[in-house]
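> Test case, fold it:
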Amino acid sequence: MEMLPIWTVLVLCLLANLPGDQAITAGTDDGAERWGYAQVRPKANLFWWWYKSPQRLSSPANPWPTVLWLQGGPGASSVGQGNFNEVGPLDVNLNPRNTTWLQMADVIFVDSPVGVGYSYVEDPSALAKTDAQAAMDVTELIKALVKEIPTLQSSPLHIVGESYGGKLAAMIGVSVARSIRAGTLNLTLGGVVLGDGWVSPIDLALSYPLFLHTMSRLDDSAVGRAITIGIKMKQQIAAQQFLAAYRTLNDLMQFIDGRSGQVVDELLMYGVNVTVYNGQLDVICPTIGAESWLKKLKWDGLQKFLSLPRENLGYCHPLYDTFMRSHKNLRFYWVLGAGHKVPMDQPCTAVYMIGDIVNSPGRK
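Next up, the predicted model:
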């Protein structure tokens, strides 16, 4: 029989220690971790795991931040992948990670949408069927966590999403911002971070052929065929033929192997800090695709943003520089030497980058 990964056994032990029906959370005796379930809709339950940073420093002028991490897919587990593979305190073998994001912030991992990881529904009809529903579910979770985690009301919350989680992070950011403005959520929204985000399928799909041509993955004859397939998908999306477009995207992937901008605009309009970071070598969500959808924003600061030079940050390694451009409440990071999962490929760069993004007192 195939053995379960060590981290899976650990989480199952934690779940086994949850109290009965009168409570939905548990934690360590020293208060460094809490985990549990929140019912966000009838028969729909999200699982979360909160870590308090051992480096926690805070002052009224610069409060200690909190990162809420969302995995992509949709269908990948934040508690499993983001935590043990990327930014949590332990790796998949339960060894300490010296580039954990806990150096810069408290971190909450959420298995979202319901049905992913340890989140569950009591009836299949309660599964989230739209991104909007998934965003509302996480907003309801955040409302519950404000009561469950005492530090959260005074800790700026930064919603970080990777891949498809980046798209959901933007939508959750809008939902949270609206709740704050309506007075139904007492929280400081520190910002929204889109990590190699799957934001605009059209721009990303059309970027594949040119990107892979520059990487010598496609030759001159193949790139033309790939562009034709990408244009076909764009036309199908415009005609709302979404199933056909999905199949065409699969055709594009097979051919290569063989050889949400409105939401971001609303965040910027609200004054929410928006950060986009992209790995230079990301083939799933190429950087040129992210640049393409960003250039279509209606935000009034866009032209000034595009006119500014990039800053070379040089966090960790001279061969893998990180470039950043910033104007008002929009930032873009170009991370060299990284693919789709920046914290895995360039962990040192990622921890310094998130420290800058969340304005962490833990920065050195």
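> switch to C-alpha atoms for all contacts and neighbour counts from now on
OK.
> What helix or strand is the most centrally placed residue in the chain located in?
With distances taken as CA atoms, centre = their mean, G161 lies nearest the centre of the chain, 0.8 Å away. Assigned by DSSP states H and E, G161 belongs to strand 157-162.
> what's the following helix or strand after that strand?
helix 164-182.
> Report the rounded mean pLDDT for the helix or strand just after that following helix.
Per DSSP H and E, helix 164-182 leads on to strand 189-195 as the next helix or strand towards the C-terminus. Averaged across strand 189-195, pLDDT comes to 94.
> about what we covered before: how far does the strand holding G161 sit from the chain's center?
5 Å (CA atoms, centre = their mean, to the nearest Å).
> Make residue 1 into 18 and carry on from there
Okay, residue one is now 18; in that scheme the one you just asked about reads as strand 174-179.
> relative to strand 206-212, how tilted is that strand?
Compare the direction of strand 174-179 with that of strand 206-212 by axes from the mean of the first three to the mean of the last three CA atoms, to 10 degrees and you get 10 degrees.
> Buried residues, strand 174-179. List them.
L174, H175, I176, V177, G178, E179 (16 or more other CA atoms under 10 Å).
> same thing with stretch 165-172?
Quick answer for stretch 165-172 (16+ other CA under 10 Å): T168, L169, Q170, S171, S172.
> Compute the first-to-last residue distance for that stretch.
14 Å (CA to CA, to the nearest Å).
> what does stretch 139-147 give?
First residue to last in stretch 139-147 (CA to CA) measures 18 Å.
> Please list the outside residues in contact with it.
If you take CA atoms under 8 Å, 6 or more residues apart in numbering as the criterion, stretch 139-147 is touched by R58, P59, K60, A61, P130, V131, G132, V138, A151.
> Measure how buried the spatially closest residue to the second one that is not a sequence neighbour is and give me the count.
Which is P59. Nearest residue to P59, sequence neighbours excluded (CA to CA, 6 or more residues apart in numbering): A143, at 7.6 Å. Close neighbours of A143, defined as other CA atoms under 10 Å, add up to 16.
> now N295
By other CA under 10 Å, neighbour count at N295 equals 29.
> Phi first, then psi, for it.
Torsion angles at N295 (phi, psi; degrees, to the nearest 10) stand at phi -140, psi 140.
> Pipe the buried residues of stretch 165-172 into CSV and attach pLDDT, secondary structure and distance to E283 per row.
As requested, those are exported to CSV (pLDDT from 0 to 100; DSSP: H, G, I helix; E, B strand; the rest coil; distance: CA to CA, whole Å):
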residue, pLDDT, secondary structure, distance to E283
T168, 89, helix, 28
L169, 92, helix, 24
Q170, 88, helix, 23
S171, 90, helix, 24
S172, 94, coil, 23
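> Tell me the one of these nearest D362?
Closest approach to D362 among the buried residues of stretch 165-172 (CA to CA): S172, at 28.6 Å.
> Contacts only, for that closest one.
P80, W81, P82, T83, T205.
> so who does the closest residue to it other than its chain neighbours touch?
Distances taken as CA to CA, 6+ apart put P82 closest to S172, at 5.0 Å, once the chain neighbours are dropped. Shown in contact with P82 (CA under 8 Å, 6+ apart): M121, A122, D123, S172, P173, L174, H175, G207, V375, N376, S377.
> looking at those residues, which has the most residues close by?
A122 (32 neighbours).
> In terms of pLDDT, where does that one sit?
95.
> which residues does it contact?
With CA under 8 Å, 6+ apart, A122 has these contacts: K69, S70, R73, W81, P82, T83, V84, G372, V375, S377, G379.
> and stretch 56-66, how far apart are its ends?
First-to-last residue span, stretch 56-66, CA to CA: 15 Å.
> do stretch 316-335 as well
Across stretch 316-335, first to last residue, CA to CA, it's 34 Å.
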